[in-house]
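> How does the following fold in three dimensions:
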Amino acid sequence: MATHGMFLAMVLANARRQEARSVVLAVDGTRPRIEMLLADNSRQPLVAPPAEVLLGIMAKLEAGERRFSSQVFEANITGIDLQRGADGVKAHISAWSIEHCE
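Okay, here's the model as predicted:
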């Protein structure tokens, strides 16, 4: 499960570099999806890992985990909306900070 946190930290670091306003992680049925909402309101899809990886991340988020680290970055999520429906789960991350690990 440590790789799940590393993956999310890298996604959020990339989103910060792109000056994204938010990041959406979703699994619809068995279809994983990640996209960034950019400052101009356009959406940029990212390559999503297998659904099992995103579901692992969502489980951590639902359990209240908000700090995720890679070897280079630590992400701290401060704004999130989680939604679970009959067909899938979605996390809308609206605020986070990124720090370099030493």
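> C-alpha from now on. contacts and neighbour counts both.
Fine.
> Report the buried residues of the longest helix seen in the chain.
For the chain, the longest helix by residue count, based on DSSP state H, is helix 2-17. Applying a neighbour-count criterion of 16 or more other CA atoms under 10 Å, the buried positions in helix 2-17 are 4-13, 15-16.
> do the same with stretch 85-100
So for stretch 85-100, counting by 16+ other CA under 10 Å, buried means 89-94, 96, 98.
> elements contacting the lowest-mean-pLDDT helix or strand in the chain?
Sorting the helices and strands of the chain by mean pLDDT, DSSP states H and E puts helix 2-17 at the bottom, at a mean of 87. When contacts are defined as 3 or more CA pairs under 8 Å, 6 or more residues apart in numbering; DSSP states H and E, helix 2-17 sits against strand 22-28, helix 51-62, strand 67-69, strand 73-84, strand 88-100.
> ok so, going back, quick one: which two of the buried residues of helix 2-17 are the most distant?
4 and 16 (18.5 Å; CA to CA).
> What about residue 63, how many residues nearby?
Per other CA atoms under 10 Å, the neighbour tally for residue 63 reads 9.
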